[in-house]
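Undergrad: I'll drop the sequence and a predicted model, then ask my questions.
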Amino acid sequence: MSAKEQSVVLKALQQAHGRVMNIPRYLLPSGGVALAYAIKNPRDLKDIAVVRSTGIGFGTDDTLVRVLLTVVRFDADVRAVGCIRYTTEIAEIVRETLRDVAEYDPTKFPPGISSMDWGIASCCRDGVPLVIINSGTTGTEPLIRILGSTPEEVANRILIISERLTYTDI
């Protein structure tokens with residue numbers, strides 16, 4: 001990966017992250033706002049950058065990185081992901097707003113493979129959706145993952161969801 005590719009990815013991530021930093025707290029997962037963006041044709045975690053309020057960088061072994069590595073096997077143009085908190089109320093607004101939503105039940109994964117990798121792949125077999133919902137299991141945080149071609153696209157979708165929700169919806 002060239003320095004120019006890295007620079008483009010990092011700049012796009014920083015701009016998108018800045019746009020979603022002030023979404024309402026009730027949309028934030030426990031780790032806060034996080035976005036990931038891959039260079040074209042990523043092969044491993046070193047090809048995907050993640051930004052959080054704590055910093056930005058390539059090569060972190062992050063859940064979002066694993067999501068993108070799975071998604072790009074089905075659609076190489078989907079190179080960005082962000083996540084928001086899962087509640088049944090938020091999920092309902094997401095379904096109504098974005099409509100192209102897939103869900104998986106992590107309790108039904110086959111033994112011997114990661115439930116998340118299996119879940120993401122099972123949602124992408126017939127095309128990569130805009131949103132993948134994981135309602136969680138004991139010990140794992142339920143999350144709504146928003147996908148897109150760029151971090152800007154992901155940030156736009158998060159902001160649209162944010163505008164549709166009010167605290168009274170939650």
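TA: Cool, the structure landed.

Undergrad: Could you check the lowest-mean-pLDDT helix or strand in the chain and say which residues are buried?
TA: Across the helices and strands of the chain, mean confidence by mean pLDDT, DSSP states H and E is lowest for helix 115-124: a mean of 85. Under the neighbour-count criterion of 16 or more other CB atoms under 10 Å, helix 115-124 has 115-116, 118-124 buried. All C-beta atoms are positioned from the backbone trio N, CA, C, and that covers glycine.

Undergrad: Show me which residues of the helix or strand encompassing Ile161 are buried.
TA: According to DSSP states H and E, Ile161 maps onto helix 151-164. Using 16+ other CB under 10 Å as the test for burial, helix 151-164 gives 151-158, 161-162.

Undergrad: Mind naming the longest helix for the protein?
TA: Counting residues, the longest helix found in the chain (DSSP state H) is helix 3-20.

Undergrad: In that helix, which residues are buried?
TA: In helix 3-20, counting by 16+ other CB under 10 Å, buried: 9-10, 12-13, 16-17, 19-20.

Undergrad: TSV please, covering these and showing distance to Leu143.
TA: As requested, the buried residues of helix 3-20 are exported to TSV (distance: CB to CB, whole Å):
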residue	distance to Leu143
Val9	22
Leu10	24
Ala12	22
Leu13	19
Ala16	18
His17	17
Arg19	20
Val20	15
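
Undergrad: and those as TSV, adding distance to Glu89 and pLDDT?
TA: Listed next are the buried residues of helix 3-20 as TSV, based on distance: CB to CB, whole Å; pLDDT from 0 to 100:
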residue	distance to Glu89	pLDDT
Val9	33	95
Leu10	34	95
Ala12	31	97
Leu13	29	95
Ala16	25	96
His17	25	95
Arg19	23	94
Val20	19	93
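
Undergrad: contacting residues for Thr39?
TA: Quick fix: residue 39 reads Ile, not Thr. 1, 5-6, 9, 47-48, 79 (CB atoms under 8 Å, 6 or more residues apart in numbering).

Undergrad: Gly18 now?
TA: Gly18 neighbours (CB under 8 Å, 6+ apart): none.

Undergrad: For it, give me the pLDDT.
TA: We have a pLDDT of 93 for Gly18.

Undergrad: mind checking how far it is from Ile158?
TA: 12 Å (CB to CB, to the nearest Å).

Undergrad: now swap in Leu35 and tell me
TA: Distance from Leu35 to Ile158, by CB to CB: 9 Å.
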